[in-house]
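Asker: Kindly return the folded structure for what I paste below:
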Amino acid sequence: MKKLKTISLKLNRISFFFTTFLLLDSIFAFDSGFYIGDFKYITGMYGEYRESHLHMGLDFSTDGETKRAIYSPCNGNIVRLKSRKKGDGNALYIKGDDGYLYIFFHLEKFGNDSLNKYLREIGGEDIDLWFKNAIRVNAGEIVGYSGESGSGLPHLHFELRTDFDTTVNPLQLIKIQDK
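Answerer: Numbering: from 1, shown residues only. Just a heads-up that it's a prediction; the model follows:
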């Protein structure tokens, strides 16, 4: 870890604490040796207070770019896709063979062309697909591309869960070496 910059502001006697970014030396490596893509900055932390909720994942900067490749962090199955104009935007849910649920929000598009084609064909603004016969993916396979769908500037929101309701801080699985 090179730099963790924090700013504390006092406005109207209320203290606000912001973590602006975490700059990393290298690509994120998880305990199992996998990575999700070439992202070097965390711009949103797990557990941060947002307007009406806690932030349940990590936001990775894409340096204002879209269409950065996102890789499957594990062998597993795509079990759900969402496509919304607001909020999560295009979202991908992978149930890993390791038992974790890996979730990616704000994607430009999905890595599977037939899924992108299917979504265009059915159309609509709020699509939520659950797969009865899950789509198999392998660790290291491109599963999507970063974007700015939903809300905010281009970035990747990444969540880790033990099931559909219980989140886990992804930093618990990320190895960061201090040089």
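
Asker: What's the per-residue pLDDT of the residue sitting nearest the centre point of the chain here?
Answerer: In the chain, the residue lying closest to the centroid (CA atoms, centre = their mean) is F158, at 1.9 Å. What the model reports for F158 is a pLDDT of 92.

Asker: Please apply the same query to N138.
Answerer: Model confidence at N138 (pLDDT) stands at 94.

Asker: How about the contacts made by the nearest residue to it once chain neighbours are set aside?
Answerer: Using CB to CB, 6 or more residues apart in numbering and skipping the chain neighbours, the partner closest in space to N138 is N75 (5.4 Å). (Glycine included, C-beta is placed from N, CA and C.) Each residue near N75 by CB atoms under 8 Å, 6 or more residues apart in numbering is listed here: 96-97, 137-139.

Asker: mind running it again at 6 Å?
Answerer: 97, 138-139 (CB atoms under 6 Å, 6 or more residues apart in numbering).

Asker: In stretch 133-144, which residues are buried?
Answerer: Buried residues in stretch 133-144, counted by 16 or more other CB atoms under 10 Å: 135, 137, 139, 143-144.

Asker: if we can go back for a sec, closest one to I42 out of the contacts of N75, please.
Answerer: A139 (21.9 Å; CB to CB).

Asker: Please report the distance of H53 from T167.
Answerer: 12 Å (CB to CB, to the nearest Å).

Asker: Between the two, tell me which one has more neighbours.
Answerer: Ranked by neighbour count (other CB atoms under 10 Å), H53 and T167 place T167 first, with 18 against 8.

Asker: mind giving me JSON lines with the buried residues of stretch 133-144 and columns for secondary structure and distance to G123?
Answerer: Shown next, in JSON lines, are the buried residues of stretch 133-144 (DSSP: H, G, I helix; E, B strand; the rest coil; distance: CB to CB, whole Å):
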{"residue": "I135", "secondary structure": "strand", "distance to G123": "21"}
{"residue": "V137", "secondary structure": "strand", "distance to G123": "25"}
{"residue": "A139", "secondary structure": "coil", "distance to G123": "33"}
{"residue": "V143", "secondary structure": "strand", "distance to G123": "23"}
{"residue": "G144", "secondary structure": "strand", "distance to G123": "20"}
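
Asker: now, which of those residues sits nearest S83?
Answerer: With CB to CB as the yardstick, the closest approach to S83 among those comes from G144, at 11.8 Å.

Asker: Isn't that closest one up against G111?
Answerer: Yes. Using CB atoms under 6 Å, G144 is in contact with G111, at 5.1 Å.

Asker: Let me see the contact set for W130.
Answerer: Contacts for W130 (CB under 6 Å, 6+ apart) come out as R80.
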